[in-house]
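Visitor: A predicted structure for the sequence below; I have some questions about it.
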Amino acid sequence: MQAVLLWVHILAAGAWLGGNLVQVFAGPIMEKAGPGPEAAWYRVTVRMGSMFYTPAAVVALVTGFELVRSNDGYAFSAAFVSLGFFTVIVGAALGIVVFGPTGRKLAEAIDRGDHSDVRTFKSKLRLWGTLDTLLVVVTIYAMVAKI
C-alpha cells in the first residue's frame, strides 16, 4: 500500500509542476495567436485552478498525510513534511488570492485592449507563478532527499 500511496503522491506533485510548466510555455504561444485566443487561454487557466490544481493539491495533501501517518520512517516533524504542507497551503492561497482573480482580470483587460493592465497582470502572474513553481520544485527535491 505504501508504494501505491507514494506513486499517487508523486503523480499529484508531477501534475502540479507539469501544469505550471504548460502555463509558462503556452502563454506566449497564445499571445501570438491574437487577443481572442489569448483571453480564452487565461480563462482556461483560471478554470484549471478548480478542475486541475485543486484536485492535484488535495491528492498530494491526503496521500502525503497518509504516507507520514502510516510509515514509521516518516515524521510530521520532518522538514520535508512541513515543507510539503506549507507548499500546499501557499499554493492554495495563491490560487485563491492571486491566480484566479488576476487571471480573470487579465482576460478582461485583453478583451478591452487595455495594454497597461495586460502588462501589469502578466507581470503579477509571472512573479507569483515563478515563486509557486520554485516552491514546488524545492519541495519535490526536499522530499526526494528527505531533508
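Guide: That came through fine. Numbering: from 1, shown residues only.

Visitor: pLDDT wise, what is the residue nearest the centre of the chain at?
Guide: By CA atoms, centre = their mean, the mean C-alpha position of the chain lies nearest to residue 16, the distance being 5.0 Å. Looking at residue 16, its pLDDT is 97.

Visitor: just give the closest residue to it, not the sequence neighbours.
Guide: residue 56 (4.8 Å; CB to CB, 6 or more residues apart in numbering). All C-beta atoms are positioned from the backbone trio N, CA, C, and that covers glycine.

Visitor: same question for the strand or helix carrying the one you found, mean pLDDT?
Guide: Taking DSSP states H and E as the definition, residue 56 sits inside helix 54-70. The pLDDT scores in helix 54-70 average 95.

Visitor: what does that helix contact?
Guide: With contacts defined as CB atoms under 8 Å, 6 or more residues apart in numbering, helix 54-70 is touched by 1-2, 5-6, 8-9, 11-13, 15-16, 19, 74-76, 78, 81, 84-85, 88, 91-92, 95.

Visitor: ok, back up a step: and the gap between the residue nearest to the centre of the chain and residue 132?
Guide: Look at residue 16 and residue 132: by CB to CB, to the nearest Å, they are 9 Å apart.

Visitor: before I go, just wanted to say thanks for your time.
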